[in-house]
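Asks: sequence and predicted structure below; questions after.
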Amino acid sequence: MGGSRKGHQAEANAYVPLPTREGVAPSYLWLTETRAGGMLRFLVERFPDVSEAAWAQRLARGEIVDAKGVPLNADSHVRQGMRIWYYRELEAPETPIPFKESVLHLDEHLLVADKPHFLPTIPTGRFLHETLLVRLKKQFDLPHLTPIHRLDRETAGVLIFSHNPASRGAYQSMFQKRVVKKVYEALAGPIEGREFPFTYRSRMQDAEQFFVSEEVPGEPNSETVVELIARRGDVAHYRLHPHTGRKHQLRLHLASLGAPILNDAFYPVALPCKGDDFSAPLQLLARSISFIDPLSGDARRFDSGFRLDWPDGSGA
């Protein structure tokens, strides 16, 4: 369609012709071909989920600009090699997510947050302002804030952000080198026939359904250590140590062990979307993250203040 998205939000260390607006950084699009018909026609064809009227209004307001910050109009030329900048907007109003994050730590390099269930980490799909990143940008006025790892929308717990571009690479490299110790907890079905703790390994890949993963034969590329904390009837409380970071690794591993996490809508079977139903949070929590700080050499650990909920309503 003549456009290729190179990055959803602006790079912190590059020139950005539009400012952050209400916590939302501008997005950009590289144009890969020259086309006739003007910018409005191109945008309508490139983003069919956004109405022509909406694009026309945004062009008229001067909110779509070129790499130098010059506003584009409906008849502006579409040329190969251009980069256009714009603000992502939602056509439909966002549903407020009625759960509040907390900040566990803030210094000149990092912000460590405790994310609640149901809150997405970054803008995606139908979520924009109701995301942890945008909420924190608004609260602390940190335009360069970006997560250096991710948590699923359904998962609660500790999440680390960088807000200093100069030191970001040092902290990102910790995750790339797998020297960060992450501990999760989950409530799930009982795992029979195993002595705890044990290590589970499998080969994972993206499934045909783009939003889930699956296990396939072959050399393992995922590994999780599973500990049993407690058991009450048909529900067990587990401590999980992921030694790799595959998408949905813990959810898929427990489901493959015959013990799907309570309220998991994806595993072992992907269920219809529950929309804005907040009544049954996934019982998975990123309990703690610890590491040796690459700048100071200090040992650091951050723990979530959230809890899991047994079926009887008591906390785990």
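Replies: Done, it's in.

Asks: what about the strands in the stretch 1-150 of the chain?
Replies: 3-7, 27-31, 83-86, 102-106, 110-115, 146-147 (DSSP state E, counting those that start in this stretch).

Asks: in CSV: those strands, plus distance to I261, mean pLDDT and mean neighbour count.
Replies: Glycine gets a C-beta too; all of them are placed from N, C-alpha and C. Converted to CSV, the strands of the stretch 1-150 of the chain look like this (distance: least, C-beta to C-beta, whole Å; pLDDT from 0 to 100; neighbours: other C-beta atoms under 10 Å):
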stretch, distance to I261, mean pLDDT, mean neighbour count
strand 3-7, 32, 46, 12
strand 27-31, 33, 92, 19
strand 83-86, 38, 94, 19
strand 102-106, 23, 98, 14
strand 110-115, 17, 98, 22
strand 146-147, 22, 96, 18
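
Asks: can you list these in CSV and add distance to G245?
Replies: As requested, the strands of the stretch 1-150 of the chain are arranged in CSV below (distance: least, C-beta to C-beta, whole Å):
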stretch, distance to G245
strand 3-7, 21
strand 27-31, 26
strand 83-86, 31
strand 102-106, 21
strand 110-115, 16
strand 146-147, 13
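
Asks: among those strands, which is nearest A67?
Replies: A67 sits nearest to strand 83-86 of all the strands of the stretch 1-150 of the chain, at 4.7 Å, using C-beta to C-beta.

Asks: tell me the contacts of the residue nearest the centre of the chain?
Replies: Ranked by distance to the mean C-alpha position of the chain (C-alpha atoms, centre = their mean), the top residue is T121 at 4.1 Å. Shown in contact with T121 (C-beta atoms under 8 Å, 6 or more residues apart in numbering): K115, T131, L132, L133, P147, R150, L151, R153, L159.

Asks: now, of the residues you listed, which are buried?
Replies: In the contacts of T121, burial by neighbour count holds for K115, T131, L132, L133, P147, L151, R153, L159, counting by 16 or more other C-beta atoms under 10 Å.

Asks: turn the residues you listed into JSON lines, columns for distance to L43.
Replies: Output for the buried ones among the contacts of T121, formatted as JSON lines (distance: C-beta to C-beta, whole Å):
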{"residue": "K115", "distance to L43": "33"}
{"residue": "T131", "distance to L43": "24"}
{"residue": "L132", "distance to L43": "29"}
{"residue": "L133", "distance to L43": "25"}
{"residue": "P147", "distance to L43": "29"}
{"residue": "L151", "distance to L43": "32"}
{"residue": "R153", "distance to L43": "28"}
{"residue": "L159", "distance to L43": "33"}
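
Asks: for the longest helix belonging to the chain, buried residues please.
Replies: With residue count as the measure and DSSP state H as the assignment, the chain has helix 165-176 as its longest helix. For helix 165-176, burial by neighbour count (16+ other C-beta under 10 Å) applies to R168, Y171, Q172, M174, F175.

Asks: for the next helix-or-strand element following that helix, the distance to its chain's centre please.
Replies: Where DSSP states H and E defines the elements, the next helix or strand beyond helix 165-176 is strand 181-188. Centroid separation between strand 181-188 and its chain, computed with C-alpha atoms, centre = their mean, to the nearest Å, is 18 Å.

Asks: CA atoms only: put the helix or strand following strand 181-188 into CSV for me.
Replies: Read in the C-terminal direction, the helix or strand following strand 181-188 is strand 198-206, with elements assigned using DSSP H and E. The C-alpha trace of strand 198-206 is given here as CSV (Å, rounded to 0.1, in the frame of the first residue of the first chain):
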residue,chain,number,x,y,z
PHE,A,198,11.5,-29.2,38.3
THR,A,199,12.6,-27.7,34.9
TYR,A,200,10.3,-27.7,31.9
ARG,A,201,11.7,-27.1,28.4
SER,A,202,10.0,-27.0,25.0
ARG,A,203,10.3,-25.5,21.6
MET,A,204,7.9,-22.6,21.1
GLN,A,205,6.8,-20.7,18.0
ASP,A,206,4.1,-18.4,16.9
